[in-house]
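Enquirer: Whatever this is, show me its structure:
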Amino acid sequence: MGKRRVKSEEAVRLVIRELTEDVRNFVREAPGDVTDEEVLDFIDGRVLGRLPVVQAAAVADTVFCRTRRELSVLQPLADDPRVTEIMVNGKDSVFVERDGTLERTDVRFETTEELEDVIRRVAAKVHREVNELSPILDARLLDGSRVNAVYKNIALDGPALTIRRFPKTAITMEDLIRWGSITREAADFLIMLVGAAYNIFISGGTSSGKTTFLNALSNFIPACERIVTIEDSAELQIMGIENLVRLECRGSNVQGKGEVTIRQLIRSSLRMRPNRIIVGEVRGEEVLDMIQAMNTGHAGSLSTGHGNSPRGMLYRIEAMFLQAADFPIDAIRRQITEGIDIMVHLGRLPGGGRSVLEIAEITGMQDGEIGLHTLFERRSEEGLRRTGRLMNREKLRIGGIVDPGSAPGMTVGSMAGMTDGAAPGGEEVSNVE
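Expert: The predicted structure is shown next:
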């Protein structure tokens, strides 16, 4: 028998539509629970006689996902480990970020109602509702993925759904070094600062890798400390810390009650006797409480925020601070300089990769402005290079830690276990200051 001709796209869509309805009727009319295997057999029995083999398998997968998978036609994208973000802009437009690059897919929903069903199922999984009265969903799924959905009454081109997926295993600093996101020298420098309890703030644009970098740094906190993490949606995967409390915000219910904000969690964390507080991201008034925590004995605290540069991030912190309290700008800047020691700025490179662009030290007030001293800077032709030496070394002295930039050829790894300024072999390092 000769090969059957490939059917047109419109004909295939018609088959998918009819077969989807047949499967739903089959499941509905079955006397008991229907297994996935029974559904697959049913689909195969219907599709193989109607389509050539080259199309039958793809159609069977599509129909199975539509009828048996929570994310419908998005499920194969969600199962692809190379896909880190799924963006749905109405029923006919689905984009993904795959291997760091945005691309449009040929995935589409049959109707707007089908897309709405997916959004409602996702909302139900986290005990939330999405409808015209409550048109925005911002939540975390059980697998850690972060979901945002906007209903059709405020999304002009149809419902919008964004799913940000995170790797099942945490990305380590070694991974970032291997991928070229940071150099070994810069990584050793930051690891040293984490061990010495410097307060570090990570800035960058959307999807620049802030949370990933924060997680990688957090894993160098001494295991003997008590840590409290505070996040809007829990994403951090901190390992090696036994005395760990993880807190997550909660939105209000349909009656507008029950909301728990980052500000409330930060204030509550201060009564938990933490050594360090890690705030996943600051977006508003909670920055005041975060800075206060950094200024009240919680050395080594970490946080992130959206900013275009270290200087731009500082301006944003000032603006967010003013949302919480009407303080004089000089007082706000002094609070910031007392609270934050180091700024790490991340960005996306032209090829889609993420990289540390700058590491800068806050050096106090200079002519009414917050002083910034660049320590590492990425230059296109040279990559990330050290451009300055750390000026504030008090915490290094207290911890008896030697800055690798002060002793040529030394790394943090070679100084493991060193205290009181002793170099390998017991020699005294004279240039720690």
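
Enquirer: partner strands of the helix or strand that contains T229, parallel or antiparallel?
Expert: Using DSSP states H and E, T229 falls within strand 227-231. Here strand 227-231 has these sheet partners by DSSP bridges: strand 244-248 (parallel), strand 276-279 (parallel).

Enquirer: Would you tell me which of these gets closest to S208?
Expert: Of all those, strand 276-279 sits nearest to S208, with 17.4 Å by Cβ to Cβ. All C-beta atoms are positioned from the backbone trio N, CA, C, and that covers glycine.

Enquirer: where does the nearest residue in space to S181 that is not next to it in sequence fall, helix, sheet strand or coil?
Expert: Nearest residue to S181, sequence neighbours excluded (Cβ to Cβ, 6 or more residues apart in numbering): S355, at 5.0 Å. With DSSP: H, G, I helix; E, B strand; the rest coil as the basis, S355 sits in strand.

Enquirer: got a list of what S355 touches?
Expert: 180-182, 346-349, 378, 384 (Cβ atoms under 8 Å, 6 or more residues apart in numbering).

Enquirer: go on, R46?
Expert: Contacts of R46 by Cβ under 8 Å, 6+ apart are 19, 22.

Enquirer: mind checking how far the residue nearest to S181 is from E174?
Expert: Distance of S355 to E174, computed by Cβ to Cβ, to the nearest Å: 16 Å.

Enquirer: related to what we said a few turns ago, mind listing the residues bridging to the residue nearest to S181?
Expert: Beta-bridge partners, per DSSP bridges, of S355: G347.

Enquirer: Tell me which of the strands paired with strand 227-231 lies nearest to Y198.
Expert: Among those, strand 276-279 sits nearest to Y198 (Cβ to Cβ), with 10.9 Å.

Enquirer: circling back: out of the contacts of S355, which is nearest to H127?
Expert: L346 (33.6 Å).

Enquirer: And the pLDDT at the closest one?
Expert: At L346, the model reports a pLDDT of 97.

Enquirer: how many neighbours does it have?
Expert: 24 (other Cβ atoms under 10 Å).

Enquirer: mind listing what the nearest residue to it once chain neighbours are set aside touches?
Expert: In space, L346 comes closest to G204 once its chain neighbours are excluded; the distance is 3.6 Å by Cβ to Cβ, 6+ apart. For G204, the contacting residues are 210, 304, 306-307, 345-347, by Cβ under 8 Å, 6+ apart.

Enquirer: which two in those residues are spaced the farthest apart?
Expert: Most distant of the contacts of G204, by Cβ to Cβ, are T304 and G347, 13.4 Å apart.

Enquirer: how many neighbours does I238 have?
Expert: The local packing of I238 (other Cβ under 10 Å) involves 16 other residues.

Enquirer: ditto for the one 3 residues further on
Expert: Neighbouring residues of I241 were enumerated by other Cβ under 10 Å; the total is 18.

Enquirer: From what I see, it and I227 are in contact.
Expert: Yes - taking contacts as Cβ atoms under 8 Å, I241 lies within contact range of I227: 5.3 Å.

Enquirer: Quick check: neighbours shared by those two?
Expert: I221.

Enquirer: Over to H373: give its phi and psi.
Expert: phi -120, psi 110 (degrees, to the nearest 10).

Enquirer: Show the contacting residues for it.
Expert: Counted by Cβ under 8 Å, 6+ apart, H373 has contacts 360-363, 388, 391.

Enquirer: Next, work out how far apart it and R184 are.
Expert: 22 Å.

Enquirer: From L236, how far off is F220?
Expert: 14 Å.

Enquirer: Comparing the two, which residue is more hemmed in?
Expert: Higher neighbour count among F220 and L236: L236, with 22 against 16, using other Cβ under 10 Å.

Enquirer: now that one, what's its secondary structure?
Expert: coil.

Enquirer: let's number from 668 now, not from 1
Expert: With the count now opening at 668, the last piece we talked about shows up as L903.
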